[in-house]
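In: This is the structure alone, sequence omitted:
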């Protein structure tokens, strides 16, 4: 994502509103209508403000130990009606439980914990991650 990792700083994504606009632009360019947004780790800085501002444009949301969950209030989360699968590895001792503490205020959420997996549960235990993700996607149909 722009401004993270090895990418150069990007002025357009310096604010939550800029990150919402950026993600909205990406989804429009891809021609996606009501996608399911999967958001691991640092992408939470983009996905969470998008969820709060435009969650009605999503068919579902899958935060995977995202950063930035404490930036928003329980009341802000309670306003979101997007079906959500809160997903993290059971060995993720910091971001997983921290995200759950905030995201559990989303009214249409469920939780899946990937056994024997750390922060990058999709890399540690891809089978368990995919099983949880596919189960969630099937229930959206």
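Out: Here it is on my side, so go on. As the structure is a computational prediction, the values presented were derived from the model and not from experiment.
In: ok, now how distant is the residue nearest the centre of the chain from residue 108?
Out: Closest to where the C-alpha atoms of the chain average out (C-alpha atoms, centre = their mean) is residue 63, at 2.8 Å. For residue 63, the distance to residue 108 (C-beta to C-beta, to the nearest Å) stands at 13 Å. Every residue, glycine included, has its C-beta placed from N, CA and C.
In: which neighbours do the two share?
Out: Common neighbours of residue 63 and residue 108, counting by C-beta atoms under 8 Å, 6 or more residues apart in numbering, are residue 84.
In: ok, back up a step: pretty sure the residue nearest to the centre of the chain is in a helix, no?
Out: No. Counting by DSSP: H, G, I helix; E, B strand; the rest coil, residue 63 is not part of a helix but strand.
In: list the contacts for it?
Out: Applying C-beta under 8 Å, 6+ apart, the residues near residue 63 are 39, 44, 47-48, 69, 84, 86-87, 99, 103.
In: how about JSON lines for the residues you listed, with neighbour count, pLDDT and secondary structure added?
Out: Shown next, in JSON lines, are these (neighbours: other C-beta atoms under 10 Å; pLDDT from 0 to 100; DSSP: H, G, I helix; E, B strand; the rest coil):
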{"residue": "39", "neighbour count": "24", "pLDDT": "96", "secondary structure": "strand"}
{"residue": "44", "neighbour count": "22", "pLDDT": "94", "secondary structure": "helix"}
{"residue": "47", "neighbour count": "25", "pLDDT": "97", "secondary structure": "helix"}
{"residue": "48", "neighbour count": "29", "pLDDT": "98", "secondary structure": "helix"}
{"residue": "69", "neighbour count": "20", "pLDDT": "96", "secondary structure": "helix"}
{"residue": "84", "neighbour count": "26", "pLDDT": "98", "secondary structure": "strand"}
{"residue": "86", "neighbour count": "23", "pLDDT": "97", "secondary structure": "strand"}
{"residue": "87", "neighbour count": "29", "pLDDT": "96", "secondary structure": "strand"}
{"residue": "99", "neighbour count": "26", "pLDDT": "94", "secondary structure": "helix"}
{"residue": "103", "neighbour count": "24", "pLDDT": "97", "secondary structure": "helix"}
